[in-house]
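Novice: here are the coordinates; sequence isn't available:
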RNA sequence: GCCGCGGUAGCCUAGCCUGGUAGGGCGCCGGCCUGCUAAGCCGGUGGGCGUUGUCCCACAGGGGUUCAAAUCCCCUCCGCGGCGCCA
C-alpha cells in the first residue's frame, strides 16, 4: 500500500510510475483520491469543530447537574450537534472507504532499475552461471536464450523431460494422484521423497549458517494476513480458502512470516530480522490452464524453504542483493546452470518494487525455467500489516521494508536435477552436496533396482 | 467445546463496581544541578493537521444505551486458569 501523503504531496511520482507500469487506466484513480482526500479533510475539520462543541456542552451539563441547575436547553443543543455530527460521519466514512479502496489496489512504486516491458518475454537477463548440457537440437535456441554468454557442452543424445524421468525412476504417480485429488497433484515416491527432504535440509542448513532463524510457520493464516501481503486478484487465482473459517492455506511461507510481526513496533537494534521459513505451499494455479500440465513443475502443492527479511529502509536494497546471492550459492553448490533475470514491469506484480528470478537451464525442455523469485517489497506490505520499528522509544516509528526470496522450492529443484543430471541410460546423479542428506549418490531406473534406494552405492 | 478471569501507550500498571472525557511507574529524549557518572528536580515521549490548539481522535475490534462511555449492555477476536475431548 502507498502512503496517502506520497499521493497528496507528490502525485506526479505516483502517476509517472503508473505510466511506467503501463497502468494507464489507474491514472484517474490518483485524481479521484486527491479529490476525495480533500473532501475528507474538509469534512474532518467540520466534525472536529462540532465535536469540540459537543464535548464542551457535555462537560457543562455535568457541572450544572452537580450544582442542581437546569440543563434542558443544553441537552437540546447537544442533541442537535450530535445529529449533525452523525450526518457528517456518514459522509466521511464513505470518502474514507473509497480512498481505502483505491489505496489498497495501487501497485508498489518500482525501483528505477526495473526494466519496462509488457510481459515475461521482456525480462532482462543480467547474469549467467555454470556450464549447461545442451542437446544439439536445442543449441540454436540455447545460444539465443543465453546470449552466447554461457558455457555449454553439446550432447549428442537427447535428454528426457522430467515427466519421462519420473516414470523411468518410479519417482511419482501422477495418474493416481489425478484420480484421488485432480490434476496438478502428485504422489512423490521412492528416492525422490528423500531427495525432496534432502533439498530442504540443505537449504535450511545453509541459511542457518548465514544467521537466519529457522521457522516452521502456520500453514493456514487469517484473511487480514493475506490481504496484507498480496493483491486481491490472488484470492481468486492462487489462494485456497477453508470453508466456514477465516483461514487460508498459505501459498508460501512468506505470508505467515510477514504476519509474524504484524501490528508490532520492532526495536531497531533487532533489525535486520532474518527468517528461514520451511513449509508446504498450496496454490490454485487458476488461469494457467494448458501450461505445464504434466509433471511436477507447476503443481498445487510443494515444499519450499523461503528467506524472509525485515530490514531498515536504507538497507533493504543491499539485502535484496544478498538474498539473491544466497539463492545463487545454493544453485551453484548444486551445480545447476542458471541465469538471473531482472523482472520487467509487465511481469512484476503489484507487491514488489523490484524482483529477480533465477531460471535454471532445463536440459530436457531446452529452456530456462524459474526456480527462484527474489523480491524487495519495500514498505508496501509493512504499511498494510502495520509493521514498524524505531531505535529510541521516544521516536516516531517508521515502517520496515520486507523482502522475500525462494531458497529452494523442491518440486522445481527436482525437475532441474532430473533434467540436467541424467545419464543416457536413465541414471540420475545426485549433486555431491546432497549426499550427506540423501545417503545415496544416484538414482537408478526402476527396472535396475529392487526397491527404494536399493542396489545403489550407499554412503 | 463449556465455565471463569483478563486485554489501557515500547513495557508495567491505576481508573471500571458508583458514566463527567486516561493518572502513575519503567525505559527513552531534552534541560537544570554537579570535578565526572549516578541520584535528584523540570519538561517531553500513541495518531491526525486545519487554526500546532485550553483542538480532535485513541483504553483489543465492532455495535448499542446516554447530553456524555475505558467505565453500562451485546457480538467478535486474543490471552490466562479450570473442566471436557483428543494425536
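Specialist: Received the coordinates, thanks. Note that the coordinates shown come from a computational prediction; the quantities given were computed from them, not determined experimentally.

Novice: give me the element residue A:243 is part of.
Specialist: Using DSSP states H and E, residue A:243 is not contained in any helix or strand.

Novice: list the residues that contact the residue most central in space within chain A.
Specialist: The residue lying closest to the centre of chain A (Cα atoms, centre = their mean) is residue A:254, at 5.9 Å. For residue A:254, the contact set (Cβ atoms under 8 Å, 6 or more residues apart in numbering) comprises A:229, A:277, A:306, A:308, A:404. Placement of C-beta: from N, CA and C, glycine included.

Novice: swap in 10 Å and give it another go.
Specialist: Listed by Cβ atoms under 10 Å, 6 or more residues apart in numbering, the contact set of residue A:254 reads A:217, A:229-230, A:275, A:277, A:279, A:281, A:304, A:306-308, A:351, A:373, A:375, A:377, A:381, A:402-406.

Novice: please apply the same query to residue A:149.
Specialist: By Cβ under 10 Å, 6+ apart, the contact list for residue A:149 reads A:125, A:127, A:128, A:143, A:339.

Novice: could you redo the last one with a cut-off of 8 Å?
Specialist: Going by Cβ under 8 Å, 6+ apart, residue A:149 touches residue A:128.

Novice: where does it fall, secondary structure wise?
Specialist: Here residue A:149 is assigned to no helix or strand, by DSSP H and E.

Novice: now swap in residue A:204 and tell me
Specialist: helix A:191-209.

Novice: how about that helix: buried residues?
Specialist: Buried residues in helix A:191-209, counted by 16 or more other Cβ atoms under 10 Å: A:191-192, A:194-196, A:198-207.

Novice: so for the residue nearest to the centre of chain A, what's the nearest residue that isn't a sequence neighbour?
Specialist: Of all residues not flanking residue A:254 in the chain, residue A:404 sits nearest, at 4.3 Å (Cβ to Cβ, 6 or more residues apart in numbering).

Novice: mind checking what secondary structure the residue of the stretch 201-350 of chain A found nearest RNA strand B has?
Specialist: Taking Cβ to the nearest atom of the strand, RNA strand B has its nearest neighbour within the stretch 201-350 of chain A at residue A:265, 4.4 Å off. Secondary structure, DSSP: H, G, I helix; E, B strand; the rest coil: residue A:265 is strand.

Novice: tally of neighbours for it?
Specialist: 16 (other Cβ atoms under 10 Å).

Novice: any idea how far residue A:233 is from it?
Specialist: Residue A:265 sits 31 Å away from residue A:233, taking Cβ to Cβ, to the nearest Å as the criterion.

Novice: what does the model give the residue nearest to the centre of chain A for pLDDT?
Specialist: With respect to pLDDT, residue A:254 scores 95.

Novice: coming back round to it: hang on, isn't the residue of the stretch 201-350 of chain A closest to RNA strand B packed against residue A:398?
Specialist: No. Between residue A:265 and residue A:398 there is no contact under Cβ atoms under 8 Å: 9.7 Å.

Novice: residues shared between the contacts of those two?
Specialist: A:388, A:389, A:390.

Novice: quick one, what contacts the closest residue to the last one other than its chain neighbours?
Specialist: Pointing back at residue A:390 there. Nearest residue to residue A:390, sequence neighbours excluded (Cβ to Cβ, 6+ apart): residue A:397, at 4.5 Å. Taking Cβ under 8 Å, 6+ apart, we find residue A:397 in contact with A:265, A:388, A:389, A:390.

Novice: of the residues you listed, buried ones?
Specialist: The buried subset of the contacts of residue A:397 - by 16+ other Cβ under 10 Å - is A:265, A:388, A:389.

Novice: residue A:235 reaches residue A:226, doesn't it?
Specialist: Yes. Taking Cβ under 8 Å as the definition, residue A:235 is a contact partner of residue A:226 at 6.9 Å.

Novice: what's the separation between the residue of the stretch 201-350 of chain A closest to RNA strand B and residue A:111?
Specialist: For residue A:265 relative to residue A:111 (Cβ to Cβ), the value is 26 Å.

Novice: thinking again about what came up before, out of residue A:235 and residue A:226, which sits in the busier spot?
Specialist: Neighbours were counted for residue A:235 and for residue A:226 using other Cβ under 10 Å; residue A:226 has more, 23 against 16.

Novice: re earlier: between the buried residues of helix A:191-209, which is nearest residue A:361?
Specialist: For the buried residues of helix A:191-209, the minimum distance to residue A:361 (Cβ to Cβ) is 17.8 Å, reached by residue A:199.

Novice: hang on, isn't the closest one packed against residue A:416?
Specialist: No. Taking contacts as Cβ under 8 Å, residue A:199 lies outside contact range of residue A:416: 10.3 Å.

Novice: so which residues on the stretch 51-200 of chain A come close to RNA strand B?
Specialist: A:51-52, A:54-59, A:61-62, A:65, A:75, A:78-79, A:82 (Cβ under 7 Å from any atom of the strand).

Novice: among those residues, the buried ones, what's the ChimeraX command?
Specialist: A single ChimeraX command is used to select the members of those judged buried by 16+ other Cβ under 10 Å:
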select /A:54,57,61,78,82
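
Novice: just the ones in helices from the residues of the stretch 51-200 of chain A next to RNA strand B, please.
Specialist: In helices, defined here by DSSP state H, the members of these are A:51-52, A:54-59, A:61-62, A:65, A:75, A:78-79, A:82.

Novice: which one of those sits closest to residue A:312?
Specialist: Nearest to residue A:312 among these: residue A:51, at 38.2 Å, using Cβ to Cβ.

Novice: give me the spatial nearest neighbour of the closest one, chain neighbours excluded.
Specialist: residue A:85 (6.5 Å).

Novice: what is the neighbour count of residue A:231?
Specialist: 17.

Novice: repeat for residue A:45
Specialist: By the criterion of other Cβ under 10 Å, residue A:45 has 10 neighbours.
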